[in-house]
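> I'd like to go over a predicted model; first the sequence, then the structure.
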Amino acid sequence: MDPTDLATAFYALEGHREDNLSVTIADLFAEDPKRFDDFHIALDDVLFDFSKQRISRQTLALLLDLARAAKVEERRAALFAGEIVNPTEARPAMHMALRNLGATPMFANGSDVMPEVFAERQKMLRFAEDIRGGAIKSANGAAFTDIVNIGIGGSDLGPAMAAKALTPFIAPHLSLHFVANVDGSDLGDLLPKLPLETTLFVVCSKTFTTLETLTNAAAARKILVEKLGEAAVAAQFCAVSTALDKVADFGIAADRIFGFWDWVGGRYSIWSSIGLSLAIGIGAEKFEKFLLGGQDIDKHFCSAPLEKNVPVLMALIAIWSRNFCGSASQAIIPYDQRLARLPAYLQQLEMESNGKSVLLDGASVEGMTAPIIFGEPGTNGQHAFFQLFHQGTEIVPVDFFVAAQPFAADPQQHQLLVANCLAQSQALMLGRSQAEVEQILRARGLDADEIARLAPHKVFAGNRPSSTFLYKRLSPRVLGQLLALYEHKVFVQSVIWDIDPFDQWGVELGKELALRLAPIVADGKAPLDGLDGSTAGLVTQIRKLKKG
Ligand code: F6P
């Protein structure tokens, strides 16, 4: 990338921001009757409305200049060509190959990965179908009823989020459960409720070294062996990993180990065998529909011009909010209860990918990178933290999600849900002025003093930005499309910020220190020399409280 062009594009946007500080989203609608038509993009199954963002046609043009200056198209080509886009781990990032359903070759490290991707996918889906259909049975010869996915981070959040999202497609005779936390209560609260004789454990770990997952897997194994004997392990455990040798040491047979590759980042692995629990639940056909959704977006991302390219626009809007309007956070608010885990999923995707302060060349980042991502389903969030969205001092851009049609819910309830979603984005944009508030209070018969006292508290500044993703129904294909849109959005942001979105060194230090502290916590007499004052103080208190 040419730093001069990039700096010029940044300055142009800064100047534009300064020149247009007083222009509101409502003004933009008033000036431009066709604004909605040109500020939304309808893909096959998902409509992206960005008309309620604080951007004009000129803002968009300048943001597109920024994307060109950052060489987004060239870097996208490098990503899809399987070049090393994760230089700190010397790896390509080819998760798109996992959702390639056609015959097109796709390369990582110079070789076509499709033959092995296809073979592994077939092996995993066949196994999923055999579990789902009852052809593969538990140790006592019964069909499985419960699937427990043991994994954490990308080996948990994807399948857990998708299993909830696709509840209507899960076979009614199967229940899917997800255990992630090293806190023993996660597994311990679940297992007594399950019929152990018909429970399958799916251990998911890319590295097969993750403390939480190995601890939970060992605990589950112990309980299974105590109840059903050693032979049950072979019948009721399977695993997904890139470290096949380590899984074999755990006692799982080769035909029950499903692989993937180091060019798949953990938070991009839902499309791989890491989706096994989901595939068991929804079946091979629907799983492939989910992959198809991801592939739809890969094609769109690679072929649509930048100004019509949804992930590119999502990224540019996010850059505008973060780097030019100063928003430090981004809310993910699905008006779709089944997407309840989407905020957590996107939290890992965005914050683990782009929560960096070092450029690709090792120099320090000068501006801001990833914002804080958080969220809850609407309408629940409305009754918790939306107060701050509407009247707080922080501007929080919101991404809303809503289906036009429910699956089985009471249609009247669904209408209320949709109305609430639309009402929130409308309220954020339009607000309510002092004059409007005073008029309302006057109409209610309040006297002038009371109006003067109350009015400031009831004013909504408005001009708060949001985007809306609208789809007909939350199908596997729609879910695949939504996830891939965000993956590519994150990639485009990383290109503009010039950071590595595929490594995650920031999680390492805590892991290392936890391993060092574990024996000190376990042994009530271990010396505390060398510990900082706060940690030593806390360990001492923990020791006292344990005795109590
Ligand atoms: O700690 C972060 C992380 O490495 C994530 O990137 C990853 O998704 C998670 O841990 C789990 O790792 P693994 O699949 O190797 O157990």
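Structure received. Numbers count the residues shown, from 1 in each chain.

> from now on I want contacts and neighbour counts done on CA atoms only, so please keep to that.
Fine.

> A strand includes F208, no?
No. Assignment of F208 by DSSP: H, G, I helix; E, B strand; the rest coil gives coil, placing it outside any strand.

> look up phi and psi at it.
For F208, the backbone dihedrals (degrees, to the nearest 10) come out as phi 50, psi 30.

> for the ligand, what are the nearby residues on the stretch 401-548 of the chain?
Applying CA under 6 Å from any ligand atom, one finds that the stretch 401-548 of the chain approaches the ligand through V507.

> the closest residue to the ligand within the stretch 401-548 of the chain: neighbour count?
Of all residues in the stretch 401-548 of the chain, V507 sits closest to the ligand, at 5.3 Å by CA to the nearest ligand atom. Number of residues near V507 (other CA atoms under 10 Å) recorded here: 10.

> same question, the one 4 residues further on
By the measure other CA under 10 Å, the count of residues near K511 is 13.

> ok, now how distant is it from D296?
To D296, K511 is 37 Å away according to CA to CA, to the nearest Å.

> so where's this structure shaky on pLDDT?
Within the chain, the set of residues satisfying pLDDT under 70 comprises 1-2.

> residue nearest the centroid of it?
By CA atoms, centre = their mean, the chain has its centre lying nearest to L346, at 1.9 Å.

> what comes into contact with the helix or strand where it lies?
Here L346, judged by DSSP states H and E, is contained in helix 342-347. The list of residues contacting helix 342-347 from outside it, by CA atoms under 8 Å, 6 or more residues apart in numbering, reads 157-158, 161, 331-334, 372-376, 486.

> can you map out the strands along the stretch 351-500 of the chain?
Secondary structure of the stretch 351-500 of the chain (DSSP state E, counting those that start in this stretch): strands located at 372-374, 398-403, 466-471.

> cool, and the chain?
40-42, 46-49, 107-108, 111-112, 146-150, 175-179, 199-204, 237-241, 257-259, 329-335, 372-374, 398-403, 466-471 (DSSP state E).

> nearest to L531, of these?
For the strands of the chain, proximity to L531 was assessed by CA to CA; strand 372-374 is nearest, at 30.6 Å.

> and the closest one, what's buried?
For strand 372-374, the neighbour count (16 or more other CA atoms under 10 Å) marks I373, F374 as buried.

> other SSEs contacting it?
On a contact count with 3 or more CA pairs under 8 Å, 6 or more residues apart in numbering; DSSP states H and E, strand 372-374 meets strand 329-335, helix 342-347.

> dump the ones you listed into JSON lines; add distance to P115 as well.
Below are the helices and strands packed on strand 372-374 laid out as JSON lines (distance: least, CA to CA, whole Å):
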{"stretch": "strand 329-335", "distance to P115": "37"}
{"stretch": "helix 342-347", "distance to P115": "29"}
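
> those: which one's closest to the ligand?
Proximity to the ligand, assessed across the helices and strands packed on strand 372-374 by CA to the nearest ligand atom, is greatest for helix 342-347 (10.5 Å).

> could you list the alpha-carbon positions for the closest one in PDB?
Extracted as PDB, the C-alpha positions of helix 342-347 are listed here (Å, rounded to 0.1, in the frame of the first residue of the first chain):
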ATOM      1  CA  LEU A 342     -24.300 -14.300  17.800                       C
ATOM      2  CA  PRO A 343     -22.900 -11.300  19.900                       C
ATOM      3  CA  ALA A 344     -20.500 -13.700  21.700                       C
ATOM      4  CA  TYR A 345     -19.500 -15.300  18.400                       C
ATOM      5  CA  LEU A 346     -18.800 -11.900  16.700                       C
ATOM      6  CA  GLN A 347     -17.000 -10.700  19.800                       C
END
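
> please compute how far that helix lies from its chain's middle.
On the basis of CA atoms, centre = their mean, to the nearest Å, helix 342-347 sits 4 Å off its chain's mean C-alpha point.

> what sits against the closest residue to S353 other than its chain neighbours?
The spatially closest residue to S353, leaving aside those adjacent along the chain, is P501, at 4.2 Å (CA to CA, 6 or more residues apart in numbering). Each residue near P501 by CA under 8 Å, 6+ apart is listed here: N86, E352, S353, N354, V490, F491, S494.

> how close does P501 sit to V495?
For P501, the distance to V495 equals 9 Å [CA to CA].

> now swap in S111 and tell me
Separation of S111 from V495 (CA to CA): 25 Å.

> quick one, which of these two is more surrounded?
Using other CA under 10 Å as the criterion, S111 and V495 rank with V495 on top: 23 against 10.

> burial count for the residue of the stretch 251-400 of the chain found nearest the ligand?
Among the residues of the stretch 251-400 of the chain, G266 lies closest to the ligand, at 3.8 Å counting by CA to the nearest ligand atom. Other residues lying near G266 total 26 when counted by other CA under 10 Å.

> what's the closest non-adjacent residue to it?
Per CA to CA, 6+ apart, closest to G266 is G154, 4.6 Å.

> just confirm that neighbour contacts R267, I think it does.
Yes. Between G154 and R267 there is a contact under CA atoms under 8 Å: 4.2 Å.

> could you tell me which residues touch both of these two?
Both G154 and R267 are in contact with Q348, where contact means CA under 8 Å, 6+ apart.

> so what's the residue count around G15?
With other CA under 10 Å as criterion, G15 counts 11.

> up against the ligand, what does this structure have?
Within the chain, the positions lying close to the ligand (CA under 6 Å from any ligand atom) are I152, G153, G154, S155, S205, K206, T207, F208, T210, G266, R267, V507.

> over to the first one: give its phi and psi.
Summarising the backbone geometry of I152 under the convention degrees, to the nearest 10, its torsions are phi -150, psi 160.

> just to revisit the earlier point, make TSV from the contacts of P501 and add distance to R126 and neighbour count to it.
Below are the contacts of P501 laid out as TSV (distance: CA to CA, whole Å; neighbours: other CA atoms under 10 Å):
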residue	distance to R126	neighbour count
N86	32	19
E352	32	20
S353	32	23
N354	36	23
V490	33	24
F491	32	25
S494	37	25
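
> can I see the domain layout of the protein?
Following automatic domain parsing, one gets these domains for the chain: 3-69+304-430+464-503, 95-288, 507-547.

> contacting residues for the closest residue to S272 other than its chain neighbours?
Nearest residue to S272, sequence neighbours excluded (CA to CA, 6+ apart): L98, at 5.9 Å. By CA under 8 Å, 6+ apart, the residues touching L98 are V117, W271, S272, L291.

> 7 Å instead?
Contacts were defined as CA atoms under 7 Å, 6 or more residues apart in numbering; by that measure L98 touches V117, W271, S272.

> in helices, which of those fall?
V117 (DSSP state H).

> what is the neighbour count of G537?
Residues lying near G537 (other CA under 10 Å) number 12.

> if we can go back for a sec, any residues in contact with both of P501 and V495?
Shared contacts of P501 and V495 (CA under 7 Å, 6+ apart): none.

> one step back: between the domains of the chain, which one is nearest to A452?
The minimum distance between A452 and the domains of the chain falls on domain 3-69+304-430+464-503, with 18.1 Å, by CA to CA.

> between the contacts of P501, which is closest to Q405?
V490 (28.7 Å).

> so A26 makes contact with L430?
Yes. In this structure, A26 is within contact of L430 by CA atoms under 7 Å, at 6.4 Å.

> the longest helix in this protein is where?
In terms of residue count, the longest helix belonging to the chain (DSSP H) is helix 276-303.

> now for that helix, which elements pack on it?
Where contact means 3 or more CA pairs under 7 Å, 6 or more residues apart in numbering; DSSP states H and E, helix 276-303 is packed against helix 114-133, helix 157-165, helix 476-497.
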